[in-house]
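**Student:** Let's see this in three dimensions:
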Amino acid sequence: MTDTTINLTKQHATLADYIALLKPRVMTLVVFTGVVGLMIAPGSIHPFIGAIAILSIALATGAAGAINMWYDRDIDAIMRRTQNRPIPQGRISPESALEYGGFLTFISIFMMGIAVNWVAAAVLALASFFYIFVYTIWLKRRTPQNIVIGGAAGAFPPMIGWAAVTGDVSLESSLLFLLVFLWTPPHFWALALFANMDYQKANIPMLPVIAGEAETRKQITFYSVLLLGCALAPFFLGMSGVIYGVGSLGLSLGFLYFAVRLQFAPAGEMGYAKKLFGYSILYLFALFSLLMVDFALKAYLDLILI
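**Tutor:** Next up is the predicted model:
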C-alpha cells in the first residue's frame with residue numbers, strides 16, 4: 001500500500017469529515033436492519049437498553065467503515081466515486097482514521113457487553129472482525145467472490161438486535177442474517193457493473209472485472225432468485241403474517257424483474273444496473289419495514305383480543 005496518491009496538502013478536518021469516515025449512508029440501512037431485529041425479537045427490552053444496543057451497532061458499523069477507509073486509502077484516491085473522501089483529500093491523516101475506528105470499535109463492543117449482554121457483544125465483535133479482516137484486508141483485493149463472503153459482515157446487525165433482546169442466536173435471527181447476506185451480491189454487483197472502470201483502474205478483482213459483464217448479470221439473476229425464496233421464508237415458517245407475505249412477494253418479484261431486464265439488456269447498457277442498484281436499497285428498507293409493521297399489527301391484535 002502506498003500513500004503517494006493522497007493529497008498531502010495540510011488541511012483542517014471538520015466534524016463533517018469525521019462523520020464521513022463512518023460511511024453514514026451505508027450505516028443508516030445497516031443499522032435499520034438491526035433496529036428491526038431488536039423490535040421483532042420475542043421478549044422485551046427496556047427502551048434505554050435498546051437504545052444503547054442500537055447505538056453500539058451504529059458505532060461499530062461506522063468504526064468498521066473508518067478502518068476500511070484507512071486500509072483502502074490508496075485505491076480510494078484512484079477511484080472517482082471515492083477520491084473525495086477525507087483521507088485521500090488529506091483532511092484526515094491515515095493514523096487518525098485508524099485510531100478513531102479502533103477506539104469506536106472497542107467502545108461499541110464493550111458498551112454492548114456491559115449494558116446489554118455479552119452474546120450480542122460477541123456477535124457484534126464477530127461482525128467487526130469479519131468486515132475489517134476477512135473482507136477489507138483478506139478478500140477484497142484477492143477474489144471476485146469478495147462481496148459474497150465478505151457480505152456476511154453487513155448481514156449481522158439484525159442478528160445482533162435479536163440477540164440484544166433474547167440473549168441468544170436463533171433460527172429466526174439466522175434467517176434475517178440470510179436475507180441481508182443474499183441481498184448483498186446483486187446489490188453490490190449492480191454497482192460494480194456501472195463502476196467497472198473505477199475497479200479496473202484500482203486493480204480490484206470485482207466480478208465484472210474478472211468474469212465480465214455477461215457472467216455478472218447471470219450471477220445477479222441467480223442470487224435474485226435465491227433472495228426471492230429467502231424473503232418468503234419468514235411467512236411460510238410462521239415468523240410473519242399475510243402483510244409481510246404479500247408485500248415481500250411483490251417486492252421480490254420487482255427485484256427479480258430488474259435483474260432479468262439487466263441480464264437481457266444490450267451489452268454495455270448500464271441503465272438497468274443503475275435501476276437495480278437503486279431499487280435494491282429501497283427493497284431492503286421496505287422488506288424490513290414490512291416485518292416490523294407485520295409484527296406491530298400482530299402485537300396490537302393480540303392485545304385487543306385478550
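**Student:** show me where pLDDT drops low in this protein?
**Tutor:** 1-11, 306 (pLDDT under 70).
**Student:** Residue nearest the middle of it, spatially speaking?
**Tutor:** G154 (3.7 Å; C-alpha atoms, centre = their mean).
**Student:** what does the helix or strand that one falls within contact?
**Tutor:** Using DSSP states H and E, the element containing G154 is helix 152-155. If you take C-beta atoms under 8 Å, 6 or more residues apart in numbering as the criterion, helix 152-155 is touched by 30, 64, 127-128, 130-131, 134-135, 177-181, 184. The C-beta positions use only the backbone N, C-alpha and C, and glycine is treated the same way.
**Student:** measure stretch 253-272 end to end?
**Tutor:** Start and end residues of stretch 253-272 are separated by 15 Å (C-alpha to C-alpha, to the nearest Å).
**Student:** Residue for residue, what is the longest helix the chain has?
**Tutor:** helix 271-304 (DSSP state H).
**Student:** Please identify the buried residues of it?
**Tutor:** For helix 271-304, the neighbour count (16 or more other C-beta atoms under 10 Å) marks 272-273, 276-277, 279-280, 283-284, 286-288, 290-292, 294-295 as buried.
**Student:** same deal with stretch 252-272?
**Tutor:** Quick answer for stretch 252-272 (16+ other C-beta under 10 Å): 252, 255-256, 258-260, 262-263, 270, 272.
**Student:** Kindly report the same for stretch 177-193.
**Tutor:** Quick answer for stretch 177-193 (16+ other C-beta under 10 Å): 177-193.
**Student:** In helices, which of those appear?
**Tutor:** 177-193.
**Student:** before we move on, back to that, how close does the residue nearest to the centre of the chain sit to V148?
**Tutor:** 12 Å (C-beta to C-beta, to the nearest Å).
**Student:** joint contacts of these two?
**Tutor:** By C-beta under 8 Å, 6+ apart, the residues touching both G154 and V148 are T184.
**Student:** Farthest pair within the buried residues of stretch 252-272?
**Tutor:** S252 and M270 (23.0 Å; C-beta to C-beta).
**Student:** quick one: contacts of stretch 186-201?
**Tutor:** By C-beta under 8 Å, 6+ apart, stretch 186-201 touches 78-82, 147, 151, 206-209, 213, 216-217, 219-220, 223-224, 227, 255, 259, 262, 270, 273-274, 276-277, 280-281, 284.
**Student:** hang on, the earlier thing: Y18: which of the buried residues of stretch 252-272 is nearest?
**Tutor:** M270 (33.4 Å).
**Student:** Give the closest residue to the closest one in space, chain neighbours not counted.
**Tutor:** F194 (4.2 Å; C-beta to C-beta, 6 or more residues apart in numbering).
**Student:** ok, now G34?
**Tutor:** P157 (3.4 Å).
**Student:** the helices in the stretch 101-250 of the chain, which residues?
**Tutor:** 118-129, 146-150, 152-155, 157-166, 171-194, 196-202, 207-210, 213-236, 242-263 (DSSP state H, counting those that start in this stretch).
**Student:** Tell me how far the third one lies from the chain's centre.
**Tutor:** Spelled out, that is helix 152-155. 6 Å (C-alpha atoms, centre = their mean, to the nearest Å).
**Student:** For stretch 167-186, C-alpha coordinates in CSV please.
**Tutor:** Only the C-alpha atoms of stretch 167-186 are listed here, as CSV (Å, rounded to 0.1, in the frame of the first residue of the first chain):
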residue,chain,number,x,y,z
GLY,A,167,-29.5,-13.2,24.7
ASP,A,168,-29.1,-15.9,22.0
VAL,A,169,-28.9,-16.7,18.3
SER,A,170,-31.9,-18.5,16.8
LEU,A,171,-33.2,-19.9,13.6
GLU,A,172,-35.3,-16.8,13.1
SER,A,173,-32.4,-14.4,13.6
SER,A,174,-30.3,-16.6,11.3
LEU,A,175,-33.0,-16.2,8.6
LEU,A,176,-32.8,-12.4,8.9
PHE,A,177,-29.0,-12.7,8.5
LEU,A,178,-29.5,-14.8,5.4
LEU,A,179,-31.9,-12.2,3.9
VAL,A,180,-29.2,-9.5,4.0
PHE,A,181,-26.5,-12.0,3.0
LEU,A,182,-28.3,-13.0,-0.2
TRP,A,183,-29.3,-9.4,-0.9
THR,A,184,-25.7,-8.1,-0.9
PRO,A,185,-24.2,-9.7,-4.0
PRO,A,186,-26.9,-8.5,-6.5
